[in-house]
Every structure is written in C-alpha cells, then in structure tokens.
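1. I would like to see how this sequence folds:
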Amino acid sequence: MGKNLYELAIDQIAKKYKAELMDEEIDDANPQFEEEKIDEISINFYSLSEIPFDKIQDFKVSKLSTFKDTLWDWRQEGSPIYKDDCFFSWDKEVLEGVSLLSNENRYLCWLLKMIAFYSLPQNACLQNVKSFNTSKKNLWSLQILGKFLYKHRLFIDIQENGSFTNTFYLTKDHFTDFIKYDLKDSSAIYDFAKQVKHWVGLSKNKLIPVDYRLNFEPFDADMYSKLAKNAEDNKGEYLPISIDTLSELVPYCIDNIEKKSVEVLKLYTALWPIIAGGDIAKIQSFEWGKAIINLLNMDLKILDLQSYKFTDYSQVTMSKDLNNKLRYAVNNHPLWNKQNPNYSSNIWKLKQSEVINIALDLGIELESLDIAIVYDVFKIKMKAIELVTELRNSCVFILFLVTGMRNSEMYLLEANNCWPVKGSEDDFRIRITVSKTSEGSTGDPIILPVPKIAYKAFICLEALTEKARISRKSKKLMISSTSSFGKEILARSINQFLKRWCEDLGIEHIHPHQFRKTIAMFAIYQNPNNISVIRRLFSHKSLAMTLSYIVKMPGMAEEIKLAVIEKNKELLSELLEAIDKKCIGGQAGKRIKRLVDESTIFKAKLNDDGWEGLEQYIQILLQDGLNILHRTSFGAICTNTHSGLVHLAPESCNCNVTDCSWSVFTVNSIEDLEDTIKFHANFIKDEYCSESQKRFSNKTIRDCIERLYELKGIDYLKSCFPDLVRESFLISETGRDNYGKQNIKA
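-> Residues are numbered from 1 along each chain as shown. Next up is the predicted model:
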C-alpha cells in the first residue's frame with residue numbers, strides 16, 4: 001500500500017535532510033532513566049586503592065565521624081530540613097540475626113563502606129549526590145548488596161584467619177537469579193542494580209583496592225533501563241486531589257482565613273502562654289481570671305464562653321491558691337462561724353466539692369473570688385488549641401494549593417517572604433527557597449505571584465508564630481505555636497499533621513505532593529501551553545520532569561496529545577498551502593520546496609486527503625516521540641524535530657529565526673518582516689545608535705529582505721523598500737545571495 005501525502009510529508013520533514021544531521025543523534029532512551037556513562041576519569045581526590053587501609057580507617061566522612069566509626073553522623077553539615085535525621089548506622093543485619101559488624105563480616109563491611117565513601121557529596125565522582133540526605137538513601141540501598149554478597153559468602157572471613165573469597169567466581173546469573181528470586185519489589189531491584197553499577201564504575205576507575213573490585217557488568221544498558229522503567233512504572237503516584245475533596249476543603253479553609261482568623265488571633269494573644277504550656281506557662285505571667293474577663297470583653301463568635309460555664313459545680317477544678325482562697329472565704333463568713341463556733345478548723349478537712357456547696361449555701365459568689373472558677377478552663381484551652389491549629393492548617397493548605405511548593409520549601413518559608421506589589425491592591429509575591437534542585441547547599445530563591453488569599457494566609461501564619469519565633473530567635477514560619485512551643489516543624493512532620501487533620505475532618509488523606517499535581521492539572525486543562533509556566537513554577541531542572549508529572553494524570557497524556565495534534569494540523573496545513581501557492585521562504589522552506597518540486601507523487605496527492613489524514617500523520621509522529629512543527633517569532637514555523645516527550649511542550653526559539661536553518665516563512669510572516677525592516681531602518685538613523693547596533697540592525701534588515709524576496713519576489717520589494725533594494729547590499733534581481741554563514745542555533 002502506497003504512502004499518502006501526509007506520510008510523505010513525515011518522511012520529508014522529519015528526516016531533516018540526513019546529510020545535514022549526521023552529527024545530531026536521536027536517542028530513543030527515556031530521558032528519565034538516562035545516566036552519565038562511566039568512562040575513565042581523571043582522579044583529583046582520594047583513591048582508596050592507593051592508600052594503606054589503616055590510614056583509610058581514620059579518614060573523615062563528616063565533621064563528627066571517621067571511616068571506621070559505626071555511626072556516620074552528618075548532623076553538623078547536613079541539610080537543615082533533615083538535620084535531626086542526618087546520620088547512618090552500620091549496625092545492620094545481612095541475614096536474620098547476623099550483624100554486618102560481626103568480626104567475620106569485617107571485610108564485607110569495609111567494601112560497603114568504600115562504596116559508600118564515594119556516595120558522599122564531597123567524594124561523589126560517579127554519582128549525582130549533592131546532599132547527605134541523598135547519601136543516606138544510597139547507604140540504605142547498599143544493605144541489599146550486602147545481603148547478596150553474604151548469601152554467596154563473599155568477603156566473609158569464614159576461617160577467621162584473615163582470608164576471604166572475592167568476586168572471582170561470580171557470574172551474571174548470580175545477579176539475575178538474586179533479583180528474580182530474592183527481591184520482589186521493583187524499586188529494591190533497581191536500587192540493587194544502581195549500587196552494582198556504582199561498584200563496577202569504582203572498579204573500572206581503580207578507586208578501590210584490587211581484591212574488592214567487580215570487573216564485569218552484570219546488567220547491560222538495556223537491562224538497566226528495563227529495571228529503571230519497571231521501578232518507575234510501579235512507583236506509587238500521587239494523584240491530584242479529587243474535585244469532591246477540593247470542593248469541601250477550599251471553601252472551609254478560605255472561611256477560616258477570611259472570617260475567623262481575626263478572632264482566632266485575638267484568642268491566641270489572650271491565651272498564648274497557657275496554650276504554649278511547659279516552661280513558657282511557668283515563665284510568662286498568666287492568670288485565667290484576667291484572661292476570661294479579656295475574652296468576655298472581646299465577645300468572640302468563635303468561642304461561646306457561656307457554653308463553658310459549669311452547670312454541675314462538682315466538676316469544678318481549681319488551683320491550690322484558689323482552693324485556699326475559697327476555704328478562707330467560707331471560714332471567715334459570719335454565718336459559718338455562727339453555725340460552727342467550735343469547728344472552724346473542719347473547713348480544711350472537707351472535700352473541695354463540699355466546700356463549694358457550703359459556699360453556695362452561704363451565698364458566696366464564686367465569681368467574686370475568681371471569675372475563672374465557674375469556667376471549664378481546660379476545655380477552653382483545648383478549644384483554643386483546636387482553633388489555632390485549624391487556622392494554621394488552613395493557611396498551609398492554601399499556600400500549598402496556590403504555589404505547588406514542596407514540603408522542604410514550606411519548611412524553609414520565613415517571615416516577611418510574602419508582600420503586596422507596590423501600587424497594587426490585588427497583586428502579591430511570595431519568595432520560596434528551592435533546595436531540591438539547587439546547586440548550592442542553601443537553596444535557590446524564586447519569587448512567584450500569588451492571589452490575595454495566599455497573602456492573607458501568610459500574614460496569619462506570621463501572626464500565629466510571632467511569639468514562638470521571638471522566643472527561639474527564628475524566622476521560620478513552620479514553628480510550633482502550641483505544644484512543643486518554638487520547635488521547628490520539620491518537612492517530614494508537615495505531612496503528618498496534614499494527615500491527622502484530614503482524618504479529623506473525615507476526608508481523604510492529602511499528601512503535600514498532591515498539591516503540585518493538582519495545580520499542574522488545572523493549569524494544563526485551562527491551557528495546554530501552560531507546561532512551560534508550570535516548569536518555572538515548580539522549579540524543575542528540565543521540562544521532562546514537569547511532563548513526568550503531567551502525563552501520568554488521569555487522561556492528561558491524551559489531552560496533551562490532542563492539543564499537539566490540533567496545533568500541528570494548523571501549522572502543517574499552513575506549510576502545505578505555502579508550498580502549493582509557492583509562497584514559502586526561509587532556509588528550511590527552500591529545502592522543502594526543492595524536495596517537493598522533485599516529487600511528482602507529492603504534487604499529485606496534495607489535495608487528496610483532508611484533516612483526517614493530517615491527524616493520522618501526527619498521531620504516528622507522536623508515537624515516535626517527535627513533534628515536527630511549532631510556531632516561533634515572525635509568524636514563522638520551526639521544523640526542528642526533537643525526540644522524547646520533553647519536546648511535546650510549546651517552546652520558544654532562541655536562535656536568530658530569520659537566519660535559522662530550521663525556519664519556514666509563509667504569507668503569515670510578511671507583516672512582521674516588513675515591520676522589522678522599517679523599525680531597524682529608522683533605528684540606524686538615530687544619532688545615538690552605536691556601531692555594534694548598526695551592524696546588528698543591518699544584518700537583521702538583510703535577513704528580512706531575503707525572506708521577503710523568497711515570499712513575494714523582487715518587484716514587491718522594489719515597491720515597498722525602493723531605497724533598500726537600490727542600495728542592494730542584500731539581494732539582486734537574479735536571486736544571488738551573499739549572507740555569510742548560517743546561524744543554525746544560538
């Protein structure tokens with residue numbers, strides 16, 4: 001069956017004129033699993049194979065630990081986010097009841113430590129390790145390698161005479177059998193393969209002693225990619241938050257911030273020492289009586305104090321001082337002395353409930369002693385903590401939802417990091433510190449626009465945490481203002497308090513990572529062109545990372561594909577029409593026109609198929625991971641074909657479009673080309689125009705004139721730009737050009 005017009009178009013455009021592209025390789029590998037190939041490297045750091053082992057034992061692996069230590073402790077230099085958990089103990093089991101630290105396993109432990117040594121940020125020459133938290137994860141997965149080696153009794157001093165068997169007799173089958181029969185989880189299998197690959201790399205580069213090397217690769221590139229893909233496919237994905245949950249939770253949170261926050265903050269101001277508890281309650285001056293009077297004067301709608309009054313005075317609880325005060329009041333009452341002239345001391349032997357009843361019978365108003373006596377202050381305190389926690393959680397929810405920030409970024413949020421734009425009432429910005437994709441240890445700050453509700457949420461968090469921050473001299477917003485007063489709420493704890501909150505509200509558990517998926521989903525459904533915006537918002541290193549979020553959402557891959565199909569149908573039709581009407585220009589345009597002129601089949605089928613054929617054509621193209629066309633500046637069409645999902649997104653061209661090898665100009669480009677010529681022609685006449693600017697402007701004019709010549713011919717140019725054509729530093733009537741080298745890419 002012969003190819004139709006659009007299949008021919010694929011062949012002609014997607015091949016990219018092979019002779020010109022021999023140096024550009026299209027890799028079919030999934031970019032998510034690509035890793036740098038291990039080659040021979042130049043060693044500018046410790047090579048453990050060249051150092052006596054007794055000296056290696058004293059090498060520093062952190063400020064607090066050496067190589068020989070059982071505990072590798074990075075808490076002094078580790079990430080501030082995971083600082084309390086930044087250590088690793090080598091006291092692990094390689095088999096049930098068998099410790100890695102046992103004397104017979106000392107050589108196995110040394111091997112694992114040597115591999116781990118090159119997984120530390122300061123020594124990681126073959127891995128991308130930027131933090132000790134990543135190192136810790138790598139060390140955990142090393143345990144699997146330890147279990148594999150112990151199973152085959154390698155590096156074990158069985159005879160206890162200082163000898164061991166190394167990898168000499170190992171084969172690929174040993175490794176494949178281990179992942180087949182001993183490891184069930186695809187993630188554990190991939191972690192094992194990564195550690196083996198790292199071990200091979202260290203061996204090839206002679207970074208570990210000869211006796212400890214693995215001199216063959218158990219997993220070839222295809223196998224390794226397959227294991228990586230299996231791990232990725234089976235990894236639990238966080239889906240966007242369901243619409244039902246959002247419809248309940250968003251109004252609830254907004255209501256807490258908009259309608260209740262002012263009163264909650266007043267309540268906290270009145271009760272904060274007793275809410276904080278612990279040492280703060282002892283240090284700070286606080287009296288429940290004064291606090292109750294203060295709250296009564298506030299007349300808070302969120303706290304109906306009358307409902308906290310005791311109706312059964314047997315339930316009254318009071319401090320020792322109040323208890324004594326009440327007994328003195330009864331003892332000194334005239335009627336009590338008159339009725340009990342000889343038993344005044346009895347009042348000190350009675351139960352509190354009995355004393356209260358006597359006081360009431362005597363007409364003593366309990367509130368006159370202390371107004372707090374008649375209120376259940378414990379329940380008031382618990383309600384206040386509940387309201388404060390609700391407000392905090394609502395604020396955190398809104399900030400997560402509108403920014404898509406990570407756990408670690410929420411933890412690093414500081415006071416004064418959100419502000420209104422000067423001169424605007426509804427334009428606000430927030431500064432977020434990105435640590436995950438940062439090159440430095442302190443993170444990279446990014447500034448994002450946020451709506452007014454997010455600004456209000458931020459201000460509420462500032463107010464709630466002000467006293468805790470002052471107390472601990474901290475700027476962090478993720479700091480406890482209730483129990484554990486002044487203690488930072490670490491990144492991993494944010495998920496925990498959100499989980500408890502969701503349980504209390506009776507809704508599905510929301511993981512912080514789901515907010516990123518949710519904001520991406522809404523942005524893409526609103527406009528498929530938002531992919532690049534989401535990448536910047538999420539501070540992703542690559543568009544592939546952003547798309548890995550998006551395409552796994554329900555129905556999202558198809559949504560993107562449909563959007564790309566529609567875009568390409570429009571652009572391809574424009575390109576084919578330009579060919580048909582012979583109004584086509586640009587370096588790529590000229591090549592396509594030349595190829596089409598040589599194809600009688602292409603001409604004959606130009607109008608045979610319709611939009612259906614175009615759609616089929618683009619579907620096939622997308623299946624191959626290609627996106628052949630996209631719009632660029634000057635209304636031109638870029639034909640620079642890429643491979644991989646990352647390039648399905650709209651993208652801008654950074655090249656000089658008018659002089660680019662991939663650009664096709666059509667009738668839609670004429671107006672922009674003319675405007676550009678006029679602008680630069682006037683610009684170079686300005687007395688302040690520099691020589692370098694004049695050279696650039698003249699080059700731009702020449703390129704635009706050439707494109708117009710290709711599209712409309714010399715007569716059109718003469719009528720529009722007679723002076724420029726007469727000067728003829730660009731183009732002659734015969735079409736001969738002289739424009740120097742083509743700038744294919746910036």
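
2. which parts of the chain belong to which domain?
-> Dividing the chain into domains by automatic domain parsing, as the record does, gives the ranges 35-233, 310-374, 383-510, 555-746.

3. how far does the third one sit from its chain's centre?
-> Taking Cα atoms, centre = their mean, to the nearest Å, one finds domain 383-510 lying 16 Å from the centre of the chain it belongs to.

4. just the first one next, same as before
-> A distance of 28 Å separates the centroid of the chain from that of domain 35-233, by Cα atoms, centre = their mean.

5. any idea of the mean pLDDT in it?
-> Rounded to a whole number, the mean pLDDT of domain 35-233 is 85.

6. next: the third one.
-> Mean per-residue pLDDT for domain 383-510: 88.

7. what is the end-to-end distance of it?
-> End-to-end distance of domain 383-510: 24 Å, with Cα to Cα, to the nearest Å as the criterion.

8. again with the shortest one
-> Between the start and the finish of domain 310-374 there is a gap of 6 Å, counting by Cα to Cα.

9. quick check: the spatially most central residue of the chain vs residue 513, distance?
-> Residue closest to the mean C-alpha point of the chain, counted by Cα atoms, centre = their mean, is residue 406 at 5.0 Å. Taken as Cβ to Cβ, to the nearest Å, the spacing of residue 406 relative to residue 513 amounts to 8 Å. No exception for glycine: its C-beta is placed from N, CA and C like everyone else's.

10. and if you look at residue 143?
-> Distance from residue 143 to residue 513, by Cβ to Cβ: 26 Å.

11. so between those two, which is more surrounded?
-> Each of residue 143 and residue 513 had its neighbours counted (other Cβ atoms under 10 Å), and the higher figure belongs to residue 143 (19 against 16).

12. so which helix or strand takes in that one?
-> With secondary structure defined by DSSP states H and E, residue 143 is part of helix 132-151.

13. residues of that helix that come out buried?
-> Neighbour-count burial for helix 132-151, counted by 16 or more other Cβ atoms under 10 Å, picks out 132-136, 138-139, 141-150.

14. after it, heading C-terminal, what element do we hit next?
-> helix 172-181.

15. and that following helix, what does it pack against?
-> Under the contact criterion of 3 or more Cβ pairs under 8 Å, 6 or more residues apart in numbering; DSSP states H and E, helix 172-181 touches helix 132-151, helix 186-204.

16. can you redo the ones you listed as a markdown table with distance to residue 589?
-> Shown next, in a markdown table, are those (distance: least, Cβ to Cβ, whole Å):
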| stretch | distance to residue 589 |
| --- | --- |
| helix 132-151 | 48 |
| helix 186-204 | 46 |
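
17. among those, which comes closest to residue 54?
-> The closest approach between residue 54 and any of these, judged by Cβ to Cβ, belongs to helix 186-204 at 20.5 Å.

18. picking up where we left off before, what's the helix holding residue 143 packed up against?
-> Contacts of helix 132-151 with other secondary structure elements, assessed using 3+ Cβ pairs under 8 Å, 6+ apart, are made with strand 87-89, strand 93-95, helix 106-117, helix 172-181, helix 186-204.

19. change it to 6 Å
-> In this structure, helix 132-151 makes packing contacts with strand 93-95, helix 106-117, helix 186-204, judged by 3 or more Cβ pairs under 6 Å, 6 or more residues apart in numbering; DSSP states H and E.

20. once you drop chain neighbours, what's closest to residue 396?
-> Computed as Cβ to Cβ, 6 or more residues apart in numbering, the closest residue to residue 396 that is not its neighbour in sequence is residue 410, at 6.8 Å.

21. dihedrals phi and psi, the residue nearest to the centre of the chain?
-> With angles defined as degrees, to the nearest 10, residue 406 sits at phi -80, psi 170.

22. quick one: it from residue 434, how far?
-> Residue 406 is 8 Å from residue 434, by Cβ to Cβ.

23. give me the number of residues near residue 259?
-> Residue 259: 11 surrounding residues under other Cβ under 10 Å.

24. circling back: ok, residues contacting the helix holding residue 143?
-> Around helix 132-151, the neighbours that count as contacts under Cβ atoms under 6 Å, 6 or more residues apart in numbering are 74, 78-79, 82, 86, 88, 92, 94-95, 108, 112, 116, 119-120, 129, 155, 178, 191-192, 195.

25. so residue 218, which state does it fall into?
-> For residue 218, the reduced secondary structure class is coil; criterion used: DSSP: H, G, I helix; E, B strand; the rest coil.

26. how about it, nearest residue that isn't a chain neighbour?
-> Of all residues apart from its sequence neighbours, residue 175 sits closest to residue 218 (Cβ to Cβ, 6+ apart), at 3.8 Å.

27. how near is the one you found to residue 92?
-> When distances are taken as Cβ to Cβ, residue 175 and residue 92 turn out to be 21 Å apart.

28. same question for residue 75.
-> From residue 75 over to residue 92 (counting by Cβ to Cβ), the distance is 20 Å.

29. and residue 51, by the same measure?
-> Computed as Cβ to Cβ, the residue 51 to residue 92 distance reads 25 Å.

30. ok, now residue 297?
-> For residue 297, the distance to residue 92 equals 61 Å [Cβ to Cβ].

31. same question, residue 172
-> Relative to residue 92, residue 172 is positioned 26 Å away (Cβ to Cβ).

32. please identify which of those two sits among more neighbours.
-> Of the pair residue 172 and residue 92, residue 92 is the one with more neighbours under other Cβ under 10 Å, namely 18 against 13.

33. surely the more buried one is in contact with residue 101?
-> No - at 8.2 Å, residue 92 does not count as touching residue 101 under the criterion of Cβ atoms under 6 Å.

34. what about residue 247, how many neighbours?
-> Residue 247 has 10 nearby residues by other Cβ under 10 Å.

35. tell me which helix or strand it sits in.
-> In this assignment (DSSP H and E), residue 247 forms part of helix 243-255.

36. mind listing what's buried along that helix?
-> 245, 249-250, 253-254.

37. do the same with stretch 498-513
-> Buried residues in stretch 498-513, counting neighbours by 16+ other Cβ under 10 Å, are found at 498, 501-502, 507, 510-513.

38. show me what contacts residue 703?
-> Applying Cβ under 6 Å, 6+ apart, one finds that residue 703 lies in contact with 658-659.

39. element containing it, please.
-> helix 691-712.

40. heading C-terminal from that helix, find the next helix or strand.
-> Sequence order places helix 714-720 as the next helix or strand after helix 691-712, per DSSP H and E.

41. which residues of the stretch 601-746 of the chain score low on pLDDT?
-> Segments of the stretch 601-746 of the chain classed as low confidence (criterion: pLDDT under 70) are 601-628, 641-655, 725-746.

42. what about the helices in it?
-> Under the criterion DSSP state H, counting those that start in this stretch, the stretch 601-746 of the chain carries helices at the ranges 611-623, 670-683, 691-712, 714-720, 722-727.

43. winner for burial among those helices?
-> Greatest average neighbour count among the helices of the stretch 601-746 of the chain goes to helix 691-712 (a mean of 19), per mean count of other Cβ atoms under 10 Å.

44. convert the C-alpha atoms of it to CSV, please.
-> What follows is the C-alpha trace of helix 691-712 in CSV, where atoms were taken according to Å, rounded to 0.1, in the frame of the first residue of the first chain:
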residue,chain,number,x,y,z
GLU,A,691,28.2,50.9,15.6
SER,A,692,27.6,47.5,17.0
GLN,A,693,23.9,48.1,17.0
LYS,A,694,24.1,49.4,13.4
ARG,A,695,25.8,46.2,12.4
PHE,A,696,23.2,44.1,14.1
SER,A,697,20.3,46.1,12.6
ASN,A,698,21.8,45.9,9.1
LYS,A,699,22.2,42.2,9.4
THR,A,700,18.5,41.9,10.5
ILE,A,701,17.4,44.0,7.6
ARG,A,702,19.3,41.9,5.2
ASP,A,703,17.8,38.7,6.6
CYS,A,704,14.3,40.1,6.5
ILE,A,705,14.7,41.4,2.9
GLU,A,706,15.9,38.0,1.8
ARG,A,707,12.9,36.3,3.4
LEU,A,708,10.5,38.8,1.7
TYR,A,709,12.3,38.2,-1.6
GLU,A,710,11.6,34.5,-1.3
LEU,A,711,8.0,35.0,-0.4
LYS,A,712,7.0,37.9,-2.7
